[in-house]
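Colleague: Need a 3D model of the following:
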Amino acid sequence: MPVFNRNTLQTLLREIENGTTTPVYLLFGDRFLCRQAADKLTRILTAEGGTVHSIDGDSEDIHATLSKLRSFSLLPGRQIFQVNSTRLFHSKKVAKSLWNKALKAMEDDKPDKAAGSLRAMMEAGGLDCSDPDNAPGSLSAAQWKTRFGFAKPAGKLEWTNTLLRSVPQKTTSPPSPAAGDPAEELTTVLEAGIPQKNFLVLLAEDVDKRKKIFKFFKDRHRVVDLSVESGSGFQAKKAQQAVLQDQVNQILKRMNKTMAPQVAAQLFERVGFHPVAVVMEMEKLALYVGEASRITLEDLNAVVGRTRQEALFELTQAIGDKKLDQALIIASRLQENSIHALAIIATLRNFARKLLLFSALQSQKEYGVFPGMAPQVFQQQCLPALKKNDRWKNELSGHPYAVNMQFKTAAGFSMTTLQSWLPLILEAEMRLKGSPIAPETVIQHLILSMLRPVSKGNLQNQR
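Modeller: Residues are numbered from 1 along each chain as shown. Reported below is the predicted structural model:
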């Protein structure tokens, strides 16, 4: 059977409304889009009566779920068993994605979510999370590669062991020694048949499409792919903006409002690719304008506050302007506002790499870039020559004036200084992950080190 996607989801919903159903629906991809689609799907399934039983995949007892799925209910109407964040489709193939989610959650200061992704990664690699000998930070490079299918990350990983100990695991019923593969058990139950009024809805962020159970669902039931391409490339940005625009259009239609494309673009730039945040901000905007039918840029500025991206940009701008006092104050406020120190580290690393690139390009005479050149000359002569090389497409994709200003910022630092930043940033990251030093102290020391005068001698000391 064909796999449905975001553009064909409505076709599936109409199919259900017309009475054509299947016992199982699998929705995978973006977490928010899956939840949103599942709400629509279950609402149609229970339109004539029924109950939705929500099950947390992180603490699911698969045998209890299977028992309910096979049983006739005394409750009236259809019985929908919705398993959120199911792990049935995890394998070594999705381990790296789960690792990246754990890192992102740590950057966002969400240790519970990070621990959940880390435990899911360990289970995907066949490791028992409760066994202290399986602590991920203690695995050798060869063991890590064998278990998870990707190279062990550089740096100290003791923080993973601390995280798993400090965040209690959600209680689950321990599997019996004779318990088989949950995926095979579910397949057996479904092939034997379940009561006509029972339905299973599975939601997953990551799936291994090579697994037998995925192919089984694809051939026998309904599968919806709600994945959105990640990254900062042109195609990824285009796909992400289409998702956000669709969310905006739904709210505008529901609340009978309009919004100029330029205002929507400003909203996306401020919030970033966070569909749930876009929905929340749009609903606030629609309520804020009251009886007015159009949402303006003034309304957006009044309601949508400063985002993490804007605040982090202020930090890099202060460092680029060599304003040490201001940079220290902003860094302190960022952490007071729950922005994780690792997020600050990631921002500074990207900033340093970009300035290094622009400094190197500026030293190559064929591009004709030099400090103090007129913005019009840069845009008309230099930028087209720079963009001929696709390797720097992402770094040069911003507004020409902003790109020109970044070249000017890079020109304010020597290549020696910029080169010294990367080992300083790496050292700070390792301290955050493997030492008892307070994050505030680590970040302050890093900024002080970055903005102090660098000589040939103290560059060696920094390393």
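
Colleague: quick one: strands adjacent to the helix or strand containing S54?
Modeller: Assigned by DSSP states H and E, S54 belongs to strand 50-56. Here strand 50-56 is paired, per DSSP bridges, with strand 78-84 (parallel).

Colleague: List the buried residues in whichever helix or strand comes after the partner strand.
Modeller: Once the chain leaves strand 78-84, the next helix or strand it forms, by DSSP H and E, is helix 95-107. For helix 95-107, burial by neighbour count (16 or more other CB atoms under 10 Å) applies to 95-99, 101-102, 104-107. Glycine gets a C-beta too; all of them are placed from N, C-alpha and C.

Colleague: Stretch 221-238 too?
Modeller: 221-228, 237.

Colleague: Q10: which of these is nearest?
Modeller: Taking CB to CB as the measure, Q10 sits nearest to V224 out of the buried residues of stretch 221-238, at 11.2 Å.

Colleague: In three-state terms, label the closest one for me.
Modeller: Under DSSP: H, G, I helix; E, B strand; the rest coil, V224 falls in the strand class.

Colleague: now do Y25
Modeller: strand.

Colleague: Could you measure from E48 over to Q79?
Modeller: Counting by CB to CB, to the nearest Å, the separation of E48 from Q79 is 13 Å.

Colleague: More neighbours: those two, which one.
Modeller: Shown here are E48 and Q79; by other CB atoms under 10 Å, Q79 has more neighbours (23 against 9).

Colleague: Quick check, the more buried one in contact with N198.
Modeller: Yes: look at Q79 against N198 with CB atoms under 8 Å: they come within range, at 5.1 Å.

Colleague: Mutual contacts of these two, please.
Modeller: Common contacts of Q79 and N198, defined by CB atoms under 8 Å, 6 or more residues apart in numbering, comprise 68, 73.

Colleague: quick one: low-confidence parts of the stretch 301-450 of the chain?
Modeller: The stretch 301-450 of the chain contains residues with pLDDT under 70 at 305-310, 337-338, 365-381, 388-394, 397-402.

Colleague: residue ranges of the helices in it, please?
Modeller: For the stretch 301-450 of the chain, applying DSSP state H, counting those that start in this stretch gives helices covering 308-320, 324-336, 341-362, 375-377, 383-386, 400-411, 415-434, 439-451.

Colleague: which residues in the stretch 1-150 of the chain form helices?
Modeller: Remark: helices assigned in the stretch 1-150 of the chain by DSSP H, counting those that start in this stretch are 9-17, 31-45, 62-70, 95-107, 111-124, 141-148.

Colleague: what's the closest of these to F351?
Modeller: So among those, helix 95-107 is nearest, using CB to CB, at 15.3 Å.

Colleague: can you give me the mean pLDDT across that closest one?
Modeller: For helix 95-107, mean pLDDT rounds to 83.

Colleague: try stretch 194-208
Modeller: Averaging pLDDT along stretch 194-208 gives 93.

Colleague: Could you tell me which residues within that stretch count as buried?
Modeller: Buried residues in stretch 194-208, counted by 16+ other CB under 10 Å: 194, 197-208.

Colleague: Check stretch 318-332 too.
Modeller: 318-320, 327-328, 330-331.

Colleague: Stretch 285-296: which residues count as buried?
Modeller: Within stretch 285-296, the residues scored as buried using 16+ other CB under 10 Å are 285-286, 289, 295.

Colleague: from the buried residues of stretch 318-332, which is closest to F216?
Modeller: Out of the buried residues of stretch 318-332, the member with the shortest distance to F216 (by CB to CB) is A331, at 51.5 Å.

Colleague: What sits closest to that closest one if chain neighbours are left out?
Modeller: The shortest distance from A331 to any non-neighbouring residue, by CB to CB, 6 or more residues apart in numbering, is to I443 (5.1 Å).

Colleague: Can you give me the separation between that neighbour and L315?
Modeller: Counting by CB to CB, the separation of I443 from L315 is 10 Å.

Colleague: A37 too?
Modeller: Relative to L315, A37 is positioned 37 Å away (CB to CB).

Colleague: do the same with S59
Modeller: Using CB to CB, S59 is found at 39 Å from L315.

Colleague: that older thread, I'd like to know which of the buried residues of stretch 194-208 is nearest to L12.
Modeller: V201 (12.3 Å).

Colleague: Return the residues in contact with that closest one.
Modeller: So V201 contacts 24-25, 27, 38, 41-42, 80-83 (CB under 8 Å, 6+ apart).

Colleague: try 7 Å
Modeller: Neighbouring residues of V201 by CB atoms under 7 Å, 6 or more residues apart in numbering: 25, 38, 41-42, 80, 82.

Colleague: If it is in a bridge, with which residues?
Modeller: Y25, Q82.

Colleague: before we move on, back to that, closest one to L9 out of the buried residues of stretch 221-238, please.
Modeller: Using CB to CB, those come closest to L9 at V224, 6.2 Å.

Colleague: quick one on the thing from earlier: now, the buried residues of stretch 285-296 that are in helices?
Modeller: Using DSSP state H, 285-286 are the members of the buried residues of stretch 285-296 that sit in helices.

Colleague: on that earlier part again, wait, which of the helices of the stretch 1-150 of the chain is closest to I251?
Modeller: Proximity to I251 (CB to CB) singles out helix 31-45 among the helices of the stretch 1-150 of the chain, at 12.0 Å.
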